[in-house]
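S.K.: I'd like to go over a predicted model; first the sequence, then the structure.
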Amino acid sequence: MLNLVAAAFFFLVSIGIASAVEPDEVLDDPVLEERARQLSTELRCLVCQNQSIDDSDAQLAKDLRVLVRERLVAGDSDSQVIDYVVGRYGEFVLLKPRFSMRNLLLWATPIIALLLGAFAFLTMARRRRAAMTAESVSLTPEENERITKILDERD
């Protein structure tokens, strides 16, 4: 039982520290390394696409990790590093895209299209119903004559 608990403990610990960062990439300054790790979790691997560069084994991810560390060593702030990488690779490199009007339009377009389709459907249904009602209300000449006769008799 003790062996099972120890194995589970080591498994859980290894999950927490599992990443693709190689020993030659790690910075000597622990504060800068922590900042680099944090930034690496925010950037997307352009090869893997659903992994951060911190988790990816791809060569491009390694190059981006090295680039992030170089910028931090050069004295850039976290936002300057992110802006540099976004400027170089585009906003797609961010795992959590920034809020912008273009992104809002991208996410709102399906909803707008759905609402426009529903509006068009309701408008056409109302017109069809109105046309059917108008057709059913129109009387034949005999019916008009009979109604006129009934109304004249009442007076």
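M.R.: That came through, no problem. Please read all numbers here as calculations on a predicted model, not as lab measurements.

S.K.: any idea which helix or strand carries the residue most central in space within the chain?
M.R.: Centroid check for the chain by CA atoms, centre = their mean gives residue 107 as the closest residue, at 6.7 Å. Using DSSP states H and E, residue 107 maps to helix 101-137.

S.K.: Measure how far that helix is from the centre of its chain, please.
M.R.: Centre-to-centre, helix 101-137 and its host chain are 25 Å apart (CA atoms, centre = their mean, to the nearest Å).

S.K.: Next: stretch 60-77.
M.R.: Centre to centre, stretch against its chain (CA atoms, centre = their mean), the figure for stretch 60-77 is 26 Å.

S.K.: low-scoring pLDDT stretches of this protein, where are they?
M.R.: 2, 4-25, 134-137, 155 (pLDDT under 70).

S.K.: Compute the number of surrounding residues for the closest residue to residue 36 other than its chain neighbours.
M.R.: Nearest non-adjacent residue to residue 36, counting by CB to CB, 6 or more residues apart in numbering: residue 69, 4.9 Å away. Using the backbone N, CA and C atoms, a C-beta is placed for each residue, glycine as well. Residues within reach of residue 69, counting by other CB atoms under 10 Å, total 22.

S.K.: helices or strands up against the one helix or strand residue 69 maps to?
M.R.: Under the criterion of DSSP H and E, residue 69 resides in helix 59-73. If contacts are counted by 3 or more CB pairs under 8 Å, 6 or more residues apart in numbering; DSSP states H and E, helix 59-73 sits against helix 30-42, helix 78-89.
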